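Colleague: just coords:
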């Protein structure tokens with residue numbers, strides 16, 4: 001019996017508007033977002049990942065200060081970099097709230113399980129208007145395990161108070177789907193256009209008709 005719906009965050013519920021992020025940072029940085037991401041990961045490996053909203057802001061302040069010094073940025077440019085708010089570049093998918101509302105209407109518990117490290121997950125969900133529909137939000141840094149490690153999924157089921165076999169899990173990464181099925185979850189791959197697959201969901205609107213109402217046409221279970 002399905003008692004909970006668990007979803008990935010980035011690529012499933014929301015995405016970063018990279019064009020807006022590039023525009024916001026273009027005047028401050030001599031390189032693109034890929035290089036910025038690489039430098040963030042390198043810095044994170046040295047100092048550790050932030051585990052809550054306070055640590056997140058402190059991490060970004062210290063990282064941007066270090067980066068500004070390395071690049072020889074002016075004090076004004078450093079201040080603008082420190083003030084950059086990644087949540088301002090978040091864009092929620094139009095089917096996300098509909099799917100969570102339908103899940104709640106079915107009496108399901110709702111969880112969000114993300115490997116994303118830098119943004120406080122609950123605050124990010126609030127920024128895109130979904131926090132009120134989510135019972136549990138867990139990120140890899142807060143639980144000390146990342147998908148597809150079994151511990152990541154089991155931390156979510158424990159927090160929701162349900163068995164893995166009673167969960168439907170949705171993600172846009174095949175390896176994360178495999179990890180979910182390995183612990184006994186029902187799992188559905190979501191591939192949003194233009195990357196579509198005949199065997200996967202292409203919208204969260206498909207959850208009811210293809211997963212809940214008419215059987216496991218796109219779901220898999222551990223054998």
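Modeller: Nice, I can see it. All of these numbers come straight from a predicted model, not from anything done at the bench. Numbers count the residues shown, from 1 in each chain.
Colleague: Averaged pLDDT, the longest helix belonging to the chain. What do you get?
Modeller: When the chain is parsed with DSSP state H, its longest helix is helix 53-71. Across helix 53-71, the average pLDDT comes to 89.
Colleague: buried set for it?
Modeller: 56, 59-60, 63-64, 67-68 (16 or more other Cβ atoms under 10 Å). Glycine gets a C-beta too; all of them are placed from N, C-alpha and C.
Colleague: which secondary structure elements does the helix or strand following that helix contact?
Modeller: With elements assigned by DSSP states H and E, the helix or strand that comes after helix 53-71 is helix 75-83. Other helices and strands packing on helix 75-83, by 3 or more Cβ pairs under 8 Å, 6 or more residues apart in numbering; DSSP states H and E, are helix 53-71.
Colleague: what angle separates the helix it packs on from helix 75-83?
Modeller: Helix 53-71 runs at 150 degrees relative to helix 75-83, counting by axes from the mean of the first three to the mean of the last three Cα atoms, to 10 degrees.
Colleague: State the distance from the residue nearest to residue 30 when sequence neighbours are not counted to residue 22.
Modeller: The shortest distance from residue 30 to any non-neighbouring residue, by Cβ to Cβ, 6 or more residues apart in numbering, is to residue 71 (6.8 Å). Residue 71 sits at a distance of 17 Å from residue 22 (criterion: Cβ to Cβ, to the nearest Å).
Colleague: Provide the partner residues of the closest residue to residue 9 other than its chain neighbours in its beta bridges.
Modeller: Here the nearest residue to residue 9 in space, its sequence neighbours aside, is residue 114; by Cβ to Cβ, 6+ apart that works out to 4.0 Å. Going by DSSP bridges, residue 114 is paired in beta bridges with residue 139.
Colleague: What about residue 114, how many residues nearby?
Modeller: Residues lying near residue 114 (other Cβ atoms under 10 Å) number 25.
Colleague: doesn't residue 125 make contact with it?
Modeller: No - the pair residue 114 / residue 125 is not scored as a contact, 9.7 Å apart, by Cβ atoms under 8 Å.
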